[in-house]
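Student: got a sequence here, can you build the structure:
(chains A, B, C and D)
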Amino acid sequence: MNTYNDIELMICVASRIFEDGASVSVGTGIPCAAVMLAQKLYAPNILITFEAGAVAPVLPAMPISVGDSTTMHKALQTGSTCDQMEMIQRGLIDYCFLGGAQIDSYGNINSTVIGDYKKPKVRFPGSGGANDFASMAWRIVMVVPHSIRRFTNKIDFITTPGYLTGPGAREQAGLPPNTGPYKIITNLAVMGFDEETKRMMLESIHPGVSIDDIKNNTGFELIIKQTPKQTEPPTQEELRILREEVDPFKAVIERKAE
Amino acid sequence: MNTYNDIELMICVASRIFEDGASVSVGTGIPCAAVMLAQKLYAPNILITFEAGAVAPVLPAMPISVGDSTTMHKALQTGSTCDQMEMIQRGLIDYCFLGGAQIDSYGNINSTVIGDYKKPKVRFPGSGGANDFASMAWRIVMVVPHSIRRFTNKIDFITTPGYLTGPGAREQAGLPPNTGPYKIITNLAVMGFDEETKRMMLESIHPGVSIDDIKNNTGFELIIKQTPKQTEPPTQEELRILREEVDPFKAVIERKAE
Amino acid sequence: MESIGELLGFHHPDEMREFFRKKSKKMTSKLTDLKQAVSLVKEGDYISIGGFGTVRIPTAFIHELLRAKKKNLIAACFTSNVDTDLLAAGKTFNKADASYIISFEALGAPKVLKKYFESGSIQLTEWSNGVMGWRYKAAAMGLSYLPVRSMLGTDTQKYSAAKEVTCPFTGMKYLAVPALYPDVAVIHVHAADIYGNSYIRGVLVADVDIAKASKKVIITTEKIVPTEFFRDNPQNTTILFYQVDAVVVTPYGSYPCNMPYEYFMDVDHLREFLKAAEDEKTFQEYLDKNIYNCNDFYEYLDNCGGIRRLEYLKDLESQIIIEGGLR
Amino acid sequence: MESIGELLGFHHPDEMREFFRKKSKKMTSKLTDLKQAVSLVKEGDYISIGGFGTVRIPTAFIHELLRAKKKNLIAACFTSNVDTDLLAAGKTFNKADASYIISFEALGAPKVLKKYFESGSIQLTEWSNGVMGWRYKAAAMGLSYLPVRSMLGTDTQKYSAAKEVTCPFTGMKYLAVPALYPDVAVIHVHAADIYGNSYIRGVLVADVDIAKASKKVIITTEKIVPTEFFRDNPQNTTILFYQVDAVVVTPYGSYPCNMPYEYFMDVDHLREFLKAAEDEKTFQEYLDKNIYNCNDFYEYLDNCGGIRRLEYLKDLESQIIIEGGLR
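Tutor: Purely as a prediction, here's the structure:
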């Protein structure tokens, strides 16, 4: 059996969700590593864009900022933030990749404040491009460590829309139809969303994890329709390419999952 | 006394209206010749833009199209039509220059149809950029030959807004305040607009022209507040530069004024 | 003011999102020939032509479209002259958005086509050039409309299909201009790679937005370049591959019009066109000789003086845009 | 949903039209120094910084602004990190539009400034990056708002100052995002002429629109080039002279951030900044050493390793953007 850490696990599992030819808006860190790995293994024709303006670069290293020079190496275009956001608004981006401090059962994300807005206990960066991505890209993918503080029944601030209050709520708010959260990949499991209730649903459990582990780390009731599948563990090839080609300087894979 | 034809007269008179440093959106033909002459004689810092996208070119010859290569020679930018229209919408263009098949006493212009819209006697090109220019630039200047058919009380189609139905009408329609027709230069006279009624008003009469000549060629009552001034005739220098430097190939100045 | 023109080329942004979602984003070769590219144009399609009337228009494509006897199209007559005048000469369309029609600007107007437009055979909706540009931009942004400050209070507004809206912040009145999502756009460019990444030099007119707004995009190009031309200098990328459906190499493909930095327009030939268009018979002869009886665009170029003439126009262009004055 | 955030940086387009009408369109030299440029920033001004957080920000200008002890500004915290974190460190602003604050993206967040934002000393209005981009674009277009499909249904909308509107063609609900017309914008560029014509290489973020939207524009540039650099290749013109009020030459003016194609960011120094920002005292020492006790930006560059360090970052940039891999 291969050994790997939580971050490697999340990256490898996340890298498998893209069809070849999919388009994706990417941030720094884990999402970017996952997309780079996907491009090398599963989706050579994946179209990568960054909100600072770069389209389809050949990434020479992990970006530190979504606007830094790594995103411009052999890019096909280095345009504007509005260019990228309008590409998403036109319906051209299949996947976006997000993190967040809190997530509720509808996939709504908080990356703004913990506590009262006016005098918060903790202030986070805010939306950045996340709200735009999650409003207008077709599918939202989240890659976050699993904890009871993060997966909570009532988040303090909806920075970024998941399914809001449930079925039909996105459309009623004015968001484009047929969009919304798609998968959540954590260090414990892969979750999707129930078609009917738009609530988070367990899909597969990572090797060595029990359903109780997941329940104990989730602050709301997770829909479990049947005995969930086992997640395929990271393959030797995934790990080799991730470690040797995607993140040789261990910029991401040796960070601690907070 | 210098000899000159009607077109030369109109170009020379029109060239004098710009302050140095004024910005202007230009078409082909007479307007372009007037601006080129102004740049050489009166307003070296005039900023010239073309609706196809060129900004501040050094014109090597009279353009045939507002998008042709002459407008790009040593231009500072070769952008888009929307770039130019938005520059006007932001309030950056002092003057626009228009012609037209029919003009009424409020300076409204018809360049669409003579007769019934659905089955016209004559079809003209339509607005082109004229409506945009006249809606959003600060001052509209028209340079057209004077005839009773052209200067008419009721035009068949308002392609391009003058003062519409009179004082306050532009603002009520939603057009930006403090904009509208400024001068009309013909082969007979220079006309402005009465501050109070927003109707066309005689300002100066060209050499050798009588008030009756003008009345006989104008299909509506022209406001004549006092004995109008005499237009300064084209100077020797204006004519020399026009003929030698602005239009050495006589592309415009030997055309017949229709 | 209520407008009474027919709304053409409009789609709900959600419908366009579904369309663009399905369009492939893979970098695959789209190289094809004019006949195949023309076959992408379907009965009833709304067609938009890039460039500016006598500048950078895809003449070679339009000739082929006429030879293919396409009919019942809807055309965007935006900053248009030689482009849509040829389309009108072929009676290819019976409805159009019109912001500028018929005239060759400073050169005059083809009389026969003026009469054709006056006959009522083509149903028009009126616009201004700026507003047509903004209609493409609305679509390029993924919207159904943009608020603008043009056309208000005029018959151009009345015979358009625009509506009025009020700004929620200021109470200002705006003209809401409806998005324009063409079924097919044809854009002539200076260089393209086989995937459709395209380079335009000089004025862009509305072509960046047209390429984003259109369901299908056909690129005709002076030449093919390697993708490295774009990757080594992303500033060169005017149009991105994933918007493009067909790439056709058509050298001198904009003749007799002006291809900035490459060749100037053939004023003599355009005058010949205008002269032929003085009456129906001579105009039909012009069309037969230069389009219908030609097997391809090279035959037309040969009719017009071939390589000698083209070299003259290249020299003229160099005088204008490089030397800055006619020798 | 009603929004409850304060509307900042908004002006009626008619007021802006009058302002832009009066602004000179003559090509006159705008060359000046940092002190003079900083003096253009007035008490109460809304200030926008170009670039993207750790990329192409005008660090030299911001240091000078801190030394000038400017206060009571309103800041656009859009895609921001090192830029507005420095502005926050100098306590220069007490209101802000916030779409992304505090964090240095992948590198972490300066704790002291996080606490400062948590203290409530700065009144924020919430937005997303896309919407802030569109707010600038609305202004750049001469409008008071743009309709967009983002932020709807969230607390980000609630704590913003946006409103909802309905499309007159489809009945769709849109978010109307108010135009953002800054009083002053500061943009760092690769090259400029003395008139303010400016060249940016690589991603543009929102800088083209910011330059159009702002009442005053200050350009800091790596170098001065002759105007022919633009006239010979108009593609190089990212910002036009008539938008610009001051041009200041600041070589390495974006250090410790990334100037694409010129020098990479100094990750070690940014980590030193983050480490110093772990507590108030060490952070004040960092600011004193690197900003307040420096007479000018060159002293700061010398503190950080001078020409040797800069040459290392230039080499690193070459590896990333030209060679495409770290040696």
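Student: can you pull the contacts of the residue most central in space within chain C?
Tutor: Nearest to the geometric centre of chain C sits residue C:49, at 1.5 Å (CA atoms, centre = their mean). Going by CB atoms under 8 Å, 6 or more residues apart in numbering or on different chains, residue C:49 touches C:57, C:58, C:62, C:75, C:76, C:80, C:83, C:84, C:87, C:185, C:186, C:187. All C-beta spots, glycine's among them, are computed from the backbone N, C-alpha and C.
Student: residues touching the second one, list them.
Tutor: Contacts for residue C:58 (CB under 8 Å, 6+ apart) come out as C:49, C:50, C:51, C:83, C:186, C:187, C:188, C:218, C:220, C:250, C:253, C:254.
Student: picking up where we left off before, what's the spacing between the residue nearest to the centre of chain C and residue C:205?
Tutor: Distance of residue C:49 to residue C:205, computed by CB to CB, to the nearest Å: 10 Å.
Student: check the gap between the residue nearest to the centre of chain C and chain B for me.
Tutor: Residue C:49 sits at a distance of 13 Å from chain B (criterion: CB to the nearest CB, to the nearest Å).
Student: dig out what that residue forms beta bridges with.
Tutor: Beta-bridge pairing of residue C:49 under DSSP bridges involves residue C:186.
Student: near chain B, which residues of the stretch 201-327 of chain C?
Tutor: By the rule CB under 8 Å from any CB of the partner chain, the part of the stretch 201-327 of chain C lying against chain B is C:201-209, C:258, C:260-261, C:264-265, C:267, C:317, C:319-321, C:323-326.
Student: from the residues you listed, list the buried ones, please.
Tutor: Neighbour-count burial (16 or more other CB atoms under 10 Å in any protein chain shown) applied to those gives C:201-209, C:258, C:260-261, C:264-265, C:267, C:317, C:319-321.
Student: overlap between these and the residues near chain D?
Tutor: C:201, C:202.
Student: can you flag which of the buried ones among the residues of the stretch 201-327 of chain C next to chain B belong to strands?
Tutor: Among these, DSSP state E puts none in strands.
Student: re the thing from before, quick one: least confident of the contacts of residue C:49?
Tutor: The lowest pLDDT within the contacts of residue C:49 belongs to residue C:80, with 89.
Student: show me what contacts that residue?
Tutor: Residue C:80 makes contact with C:49, C:53, C:100, C:101, according to CB under 8 Å, 6+ apart.
Student: identify the residues contacting the second one.
Tutor: Contacts for residue C:53 (CB under 8 Å, 6+ apart) come out as B:65, B:67, C:79, C:80, C:81, C:82, C:83, C:100, C:104, C:105, C:257.
Student: go again with 7 Å.
Tutor: B:65, B:67, C:79, C:80, C:81, C:82, C:83, C:105 (CB atoms under 7 Å, 6 or more residues apart in numbering or on different chains).
Student: the last one now?
Tutor: With contacts defined as CB under 7 Å, 6+ apart, residue C:101 is in contact with B:125, B:126, C:77, C:80, C:84, C:117.
Student: shouldn't residue C:146 be in contact with residue C:134?
Tutor: Yes - the pair residue C:146 / residue C:134 is scored as a contact, 5.1 Å apart, by CB atoms under 7 Å.
Student: now do the shared contacts for the two.
Tutor: The contact sets of residue C:146 and residue C:134 overlap at residue C:177 (CB under 7 Å, 6+ apart).
Student: neighbour count for these two, which is higher?
Tutor: Higher neighbour count among residue C:146 and residue C:134: residue C:134, with 32 against 25, using other CB atoms under 10 Å in any protein chain shown.
Student: check which helix or strand covers the more buried one.
Tutor: helix C:129-140 (DSSP states H and E).
Student: now the helix or strand that that helix is followed by: average pLDDT?
Tutor: Counting by DSSP H and E, the next helix or strand C-terminal to helix C:129-140 is strand C:145-148. On average, the pLDDT along strand C:145-148 is 98.
Student: following the chain past strand C:145-148, name the next helix or strand.
Tutor: helix C:155-158.
Student: quick check: residue C:61 is in a helix.
Tutor: Yes - judged by DSSP: H, G, I helix; E, B strand; the rest coil, residue C:61 forms part of a helix.
Student: just checking, it touches residue C:34?
Tutor: Yes - contact criterion CB under 7 Å: residue C:61 and residue C:34 qualify, at 6.2 Å.
Student: more neighbours: which of these two?
Tutor: The neighbour comparison of residue C:61 against residue C:34 (other CB under 10 Å) goes to residue C:61, with 27 against 24.
Student: which ones are touching residue 202?
Tutor: Since you didn't name a chain, this refers to chain A. With CB under 7 Å, 6+ apart, residue A:202 has these contacts: A:189, A:191, A:214, A:222, A:223, A:224, A:228.
Student: can you look at chain C instead?
Tutor: Going by CB under 7 Å, 6+ apart, residue C:202 touches B:72, B:78, C:260, C:261.
Student: need the contact list for the first one.
Tutor: For residue B:72, the contacting residues are B:54, B:57, B:78, C:202, C:203, C:260, C:321, by CB under 7 Å, 6+ apart.
Student: what pLDDT is listed against residue A:1?
Tutor: Value for residue A:1, per-residue pLDDT: 59.
Student: same question, the one 10 residues further on
Tutor: pLDDT, the model's per-residue confidence, is 97 for residue A:11.
Student: same check on residue C:273?
Tutor: Listed pLDDT for residue C:273 reads 97.
Student: burial of residue A:201, as a residue count?
Tutor: Burial of residue A:201 is recorded as 18 neighbouring residues (other CB under 10 Å).
Student: meant to ask about residue C:294, not that
Tutor: So residue C:294, with other CB under 10 Å, has 18 neighbours.
Student: quick check: the gap between it and chain D.
Tutor: 35 Å.
Student: same check on residue A:102?
Tutor: Going from residue A:102 to chain D by CB to the nearest CB gives 12 Å.
Student: write out the residues of the stretch 1-150 of chain C neighbouring chain D.
Tutor: Within reach of chain D by CB under 7 Å from any CB of the partner chain, the stretch 1-150 of chain C has these residues: C:10, C:12, C:143, C:144, C:145, C:147.
Student: skipping adjacent residues, who's closest to the closest residue to chain C within the stretch 1-150 of chain A in space?
Tutor: Using CB to the nearest CB, the closest approach of the stretch 1-150 of chain A to chain C is made by residue A:91 at 2.8 Å. Closest residue to residue A:91 apart from its sequence neighbours, by CB to CB, 6 or more residues apart in numbering or on different chains: residue C:17 at 2.8 Å.
Student: my guess is residue A:132 meets residue D:129, correct?
Tutor: Yes - with contacts counted by CB under 7 Å, residue A:132 reaches residue D:129, the gap being 6.5 Å.
Student: show me what contacts the closest residue to residue A:247 other than its chain neighbours?
Tutor: Nearest residue to residue A:247 in three dimensions, chain neighbours excluded: residue A:253, at 5.1 Å (CB to CB, 6+ apart). Under the criterion of CB under 7 Å, 6+ apart, the contact list for residue A:253 reads A:5, A:7, A:8, A:242, A:243, A:247.
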